[in-house]
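>>> fold the stuff below for me.
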Amino acid sequence: MSCPKYPKIDTLHTRDEKFKVTDEIRRPEFLVPREWLVTEKIHGCNIRVSLEQDCYTADPIHECKGEWVMQINGRNDNSQIPPNLLQHLQETFTLEGLKSLWRCKSNCNICPGNGWVGYSVDNSLAMCENLDPYPITLYGEGYGGGIQKGGGEYTSKTKGGAVNFRLFDVLVGENNWLRRADVEDVAQKLSIKCVPLILGFTHGGFGVKWDLKSITKYVKEGAYSLVAAKEGSNEHIAEGIVAFTAEPLYNNRGQRLMFKLKTEDFSREPAIVEDIGDSRSRGTGEYCEEATKYVQEYVFD
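Next up is the predicted model:
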């Protein structure tokens, strides 16, 4: 059984007959949330890393009874993953690492709810007998040299123009999408990085909440890529953003409330990294601890 491919994300605005974005909001439900979380959209290769059962159909009802295995796929099952990226993914993820994400019931009388009770005779983690294994799918973007036009700009600070992977979503079971905070927790456990969460800001500092107007303005002005600022070129334009709610919300079609905006849909004059730098050097911004950590990690390292 193959893990589900990532759902298509609607753009925020409708398009006219020339495929140009208009000012009209595509879906009325986008007007409901007053605040959004915003992440950078990376121009790369969509990747799925899944923990699933290796099913077989020998029995009459086609139950999945196989061993748990790790699968690596592109957006589609037949998508070709660049060899250098595939090698990186195979070196980054392991079956045991994905299994370590399994959790037991919080009221388990054997383990403290984490699903593991210590180490077995072969020095591997012993699974709690009350743990009921379930599929997990990681969704992320592979990027770097040889991946999409200009992909090397993302990782040009790395010798040889290496490739990399960043996590942006996690599906547990068939329909349980994790919150951003939990996605970050998964990334930490697997020693990988997430796509950066973008903090709202003004010329005087951080703390602005993202609404539809401020998100559109941010993309229109041409945001520099925070991923590239960390790993590659300081002046690489971000592909765009993906916005979603802190707590997953769904419309009447069962789709999560989220949208994307691409920088290429607007004429632009990049200014975002300069704005952050100017504010910091002038000392006019009231930086909270989280904002300072964010700037240091993604821009000024």
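>>> which one is residue 146 nearest to, not counting chain neighbours?
Closest residue to residue 146 in three dimensions, ignoring its sequence neighbours and counting by CB to CB, 6 or more residues apart in numbering: residue 82, at 5.7 Å. Just so you know, the C-beta spots here come from the backbone N, C-alpha and C atoms, and that holds for glycine as well.
>>> pull up the per-residue confidence for the most centrally placed residue in the chain.
Residue closest to the average C-alpha location in the chain (CA atoms, centre = their mean): residue 168, at 0.9 Å. For residue 168, the pLDDT comes out at 97.
>>> who are the contact partners of it?
Residues touching residue 168, when contacts are defined by CB atoms under 8 Å, 6 or more residues apart in numbering, comprise 39, 139, 140, 141, 183, 194, 195, 242.
>>> before we move on, what about residue 85?
Counting by CB under 8 Å, 6+ apart, residue 85 has contacts 45, 47, 142, 144, 147, 163, 165.
>>> make CSV out of those residues and add distance to residue 3, neighbour count and secondary structure.
Converted to CSV, the contacts of residue 85 look like this (distance: CB to CB, whole Å; neighbours: other CB atoms under 10 Å; DSSP: H, G, I helix; E, B strand; the rest coil):
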residue, distance to residue 3, neighbour count, secondary structure
45, 16, 24, strand
47, 11, 25, strand
142, 16, 25, strand
144, 23, 27, strand
147, 21, 23, coil
163, 22, 26, strand
165, 16, 22, strand
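>>> please identify the helix or strand for the residue nearest to the centre of the chain.
Residue 168 is part of strand 163-172, with elements assigned from DSSP states H and E.
>>> the following helix or strand past that strand pairs with which strands, parallel or anti?
Next helix or strand after strand 163-172 toward the C-terminus (DSSP H and E): strand 176-177. Sheet pairing of strand 176-177 (DSSP bridges) gives strand 163-172 (antiparallel).
>>> ok, back up a step: which of the contacts of residue 168 fall within helices?
Filtering the contacts of residue 168 for membership in helices, criterion DSSP state H, returns residue 183.
>>> identify, from the contacts of residue 168, the entry nearest to residue 109.
Proximity of those to residue 109 was ranked by CB to CB; the top entry is residue 183 with 29.7 Å.
>>> so where do the helices sit in the stretch 101-250 of the chain?
Assigned by DSSP state H, counting those that start in this stretch, the stretch 101-250 of the chain shows helices spanning 180-189, 212-220, 226-231.
>>> so which elements touch the second one?
Spelled out, that is helix 212-220. Contacts of helix 212-220 with other secondary structure elements, assessed using 3 or more CB pairs under 8 Å, 6 or more residues apart in numbering; DSSP states H and E, are made with strand 240-244, strand 258-262.
>>> in contact with residue 141, which residues?
Here residue 141 is in contact with 42, 44, 45, 46, 47, 165, 166, 168, 195 (CB under 8 Å, 6+ apart).
>>> can you pull the contacts of the nearest residue to the third one once chain neighbours are set aside?
What it means is residue 45. Of all residues not flanking residue 45 in the chain, residue 142 sits nearest, at 4.3 Å (CB to CB, 6+ apart). With contact set as CB under 8 Å, 6+ apart, residue 142 has these partners: 44, 45, 46, 47, 81, 82, 85, 88, 89, 163, 164, 165.
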